[in-house]
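**Q** Structure for this input, please:
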Amino acid sequence: VSILHKICAKFKNGSELDLMFQEKLNNIIPPAEVVNPEKIDKFNDWISWALSSYLPYRFWMESNDICDEKMDKYSSMYGDWIFNNYGSLVSSENRMLHKTIANLSSFLKEDELSFIVIIDNFNYKYVPLCQDYFSNKGFSNTMEQPVISMIPTETSVSKTAFFSGQPFNTEDKSYGDLCKEWETFLEGNVKYLSDIGKLDLIHENNAKLYILNYLSIDKILHESQNNSALSMSFRIGEELKAMMDKIIAFTKRLGVENKIKVYFISDHGSTKISSKQQNLIDPKYYKSKSEDCAYRVIALKDKNFDVYKDSIGHLCYVLDRNHYGIKENYLIAKGYNRFMETDLSFYVHGGITPEENIIPLLKFERINVKLIQPETLLRNNEFRYSTTSSAHLTVKNHNEYSIDNIEISILNSNIRWEQGVYVL
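**A** Next up is the predicted model:
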């Protein structure tokens, strides 16, 4: 470990390594051993344990394709506690996903312009990358807090809860329509962007809040790593950087880079499951019998629900639609059980592990903006006495943002002048 630290320190001082080799080097040293959570029985303590102890180690395991039964056991303990307390969390815990827009409403009303990116399938693993990249572009990370996804950790459930503000929404409405329903509460126009390409079509500001549904990370995570020559984490990193560049270009085009507040949130995270990890559910049988089957969750109509509940209920978290007021009944695989075969080449979600269930809420904005004094140059300095002349000026702006409302005055009281100076 000491030698590895010396190698990392050596190459930090100017020398550049191949980025993927650097990634491997960084993942050789394991984080501190995870604390046993068996005595935890409070929500805040579970979140603190996950962020400070469990998630760093789990992400290191994923990067090195390592399985550990003890870590899987700890993860199951978290899932059991969340499920057993889910009813009270939904009603009283302020950090549930469906309360996000309402929680931000005081900021969204007060600020001139806000931009929320809901990044599908984004967990804490890539938070440092976003913080560092935005920081290099002059944006400070002024908020970072954990949010709990809905269960099951599926897009159809969690993303609808985010847009609707309701934990158990049974209405069939588009995300765009749900955004419009926030306008009265937020006192301004809310514009939904179904993909990042829509940003290029906006050349003037016509909303108080933009909400971008960003899907590219989810697509990469669901693809097999074996299909690409680049590592999955490298591809995701480059995709996130490109997304942030698009947002920054949008703010500059509208001249709002010093006013806009940018938020990152997700609908759920995801996890890697090896084919070697224990699975007590028969994937072939349940995939063919259920109406809607994913890797970690199946949706069931009432006619099949009791049968499934009786046969594999002990291996699943059971969500009864009549009890929760939801559209369908769900069976969510406990621990790292699954309804379909998996391997370590891609990520899955739907369960209640910390890496699937805990997602970040981030806020970025420009603060302490430094102004570089513009240069004003007189392009001609010869003027005839008692003759009307035009003064041509060049203003050099060394800042990253535009300078508006320029006023130029002639201080010599012996010169009569009129507004109408041309600035080139």
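
**Q** what ranges do the strands span in the chain?
**A** 114-119, 140-148, 190-193, 209-214, 261-266, 292-293, 297-300, 316-319, 329-333, 358-365, 375-378, 392-396, 422-423 (DSSP state E).

**Q** Tabulate those in TSV, adding columns for mean pLDDT.
**A** Listed next are the strands of the chain as TSV, based on pLDDT from 0 to 100:
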stretch	mean pLDDT
strand 114-119	98
strand 140-148	97
strand 190-193	98
strand 209-214	98
strand 261-266	98
strand 292-293	61
strand 297-300	91
strand 316-319	95
strand 329-333	94
strand 358-365	98
strand 375-378	81
strand 392-396	81
strand 422-423	44
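
**Q** per-residue confidence averaged over the lengthiest helix in the chain?
**A** When the chain is parsed with DSSP state H, its longest helix is helix 232-254. Helix 232-254 shows a mean pLDDT of 95.

**Q** likewise stretch 381-389?
**A** 76.

**Q** now do the same end-to-end measure for it.
**A** 11 Å (C-alpha to C-alpha, to the nearest Å).

**Q** again, but for stretch 386-395
**A** 27 Å.

**Q** and it, which residues are buried?
**A** Ala391 (16 or more other C-beta atoms under 10 Å). For every residue, glycine as well, the C-beta is placed using N, CA and C.

**Q** circling back: any chance of the strands of the chain in TSV, plus distance to Val127?
**A** Listed next are the strands of the chain as TSV, based on distance: least, C-beta to C-beta, whole Å:
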stretch	distance to Val127
strand 114-119	11
strand 140-148	7
strand 190-193	22
strand 209-214	15
strand 261-266	8
strand 292-293	31
strand 297-300	25
strand 316-319	27
strand 329-333	25
strand 358-365	5
strand 375-378	40
strand 392-396	38
strand 422-423	43
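
**Q** Look up how far Asp72 lies from the nearest residue to Ile352 once chain neighbours are set aside.
**A** Distance criterion C-beta to C-beta, 6 or more residues apart in numbering; nearest residue to Ile352, sequence neighbours excluded, is Gly79 at 3.7 Å. For Gly79, the distance to Asp72 (C-beta to C-beta, to the nearest Å) stands at 10 Å.

**Q** and if you look at Pro374?
**A** Pro374 is 60 Å from Asp72, by C-beta to C-beta.

**Q** Of Gly79 and Asp72, which one has the most company?
**A** Neighbours around Gly79 and Asp72, counted as other C-beta atoms under 10 Å, are more numerous at Gly79. The numbers are 22 against 18.

**Q** Isn't that one up against Gly335?
**A** Yes: with contact defined as C-beta atoms under 8 Å, Gly79 and Gly335 form a contacting pair (7.0 Å).

**Q** tell me, what's touching these two both at once?
**A** Shared contacts of Gly79 and Gly335, defined by C-beta atoms under 8 Å, 6 or more residues apart in numbering, are found at 351, 353.

**Q** any idea how far Lys252 lies from His203?
**A** 12 Å.

**Q** OK, contacts around Thr153?
**A** Thr153 sits in contact with 267-269, 296, 349-352, 356-357, where contact means C-beta under 8 Å, 6+ apart.

**Q** top of the residues you listed by neighbour count?
**A** Going by other C-beta under 10 Å, Gly351 tops the contacts of Thr153 with 32 neighbours.

**Q** got a pLDDT number for that one?
**A** 97.
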